[in-house]
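# turn this into a model:
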Amino acid sequence: ANFHFVKSSLGGTVQYVSMSGGSDINSCFALGCPIKKVVVEQLQCIGLGEDVSVFNELGEDVREETGELVCKNAIPAMPLCFWE
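Numbers count the residues shown, from 1 in each chain. Sure thing, here's the model as predicted:
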């Protein structure tokens, strides 16, 4: 609904993207890209340098299915530990 509202209100003059990330990796799993087309209810690209996949309930790497976004390897911005 938000995509449609922004498009009808502002047209194609702004970049509007969905992002998915978390404080645990100090990054975004998936984010926007100014040179890619915005598609409703889809994420545009994986974060730079990240090994990201979607895992199903059985822990299998899947495509075009609903699942959990998983960063499979460490990335340069990932914290090594949390301070207490």
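# for the residue positioned nearest the centre of the chain, which non-adjacent residue is spatially closest?
The residue lying closest to the centre of the chain (C-alpha atoms, centre = their mean) is Ala30, at 1.9 Å. In space, and not counting its chain neighbours, Ala30 is closest to Leu43: 3.8 Å by C-beta to C-beta, 6 or more residues apart in numbering. Every residue, glycine included, has its C-beta placed from N, CA and C.
# equivalent analysis for Tyr16, please.
Val6 (5.0 Å).
# got it, and Phe3?
Nearest one to Phe3, counting by C-beta to C-beta, 6+ apart, is Val40 at 4.7 Å.
# quick revisit: three-state assignment of the residue nearest to Ala30?
Here Leu43 is recorded as coil under DSSP: H, G, I helix; E, B strand; the rest coil.
# count of residues packed around it?
Neighbours of Leu43 under the rule other C-beta atoms under 10 Å: 18.
# how close does it sit to Ser9?
Remark: distance between Leu43 and Ser9 (C-beta to C-beta, to the nearest Å) = 22 Å.
# for this protein, just list every one of the helices.
2-10 (DSSP state H).
# which stretches of it form strands?
Using DSSP state E, the strands of the chain run over 20-22, 27-31, 45-46, 52-55, 61-62, 68-71.
# low-scoring stretches of the protein, by residue?
Filtered on pLDDT under 70, the chain yields the residue ranges 1, 12, 22-26, 77-79.
# picking that back up, so the residue nearest to Tyr16 is in contact with Ser18, correct?
No. Using C-beta atoms under 8 Å, Val6 is not in contact with Ser18, being 11.7 Å away.
# returning to what we had before: kindly reformat the strands of the chain as CSV containing distance to Asn2.
Putting those into CSV (distance: least, C-beta to C-beta, whole Å) gives the following:
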stretch, distance to Asn2
strand 20-22, 15
strand 27-31, 16
strand 45-46, 20
strand 52-55, 22
strand 61-62, 26
strand 68-71, 20
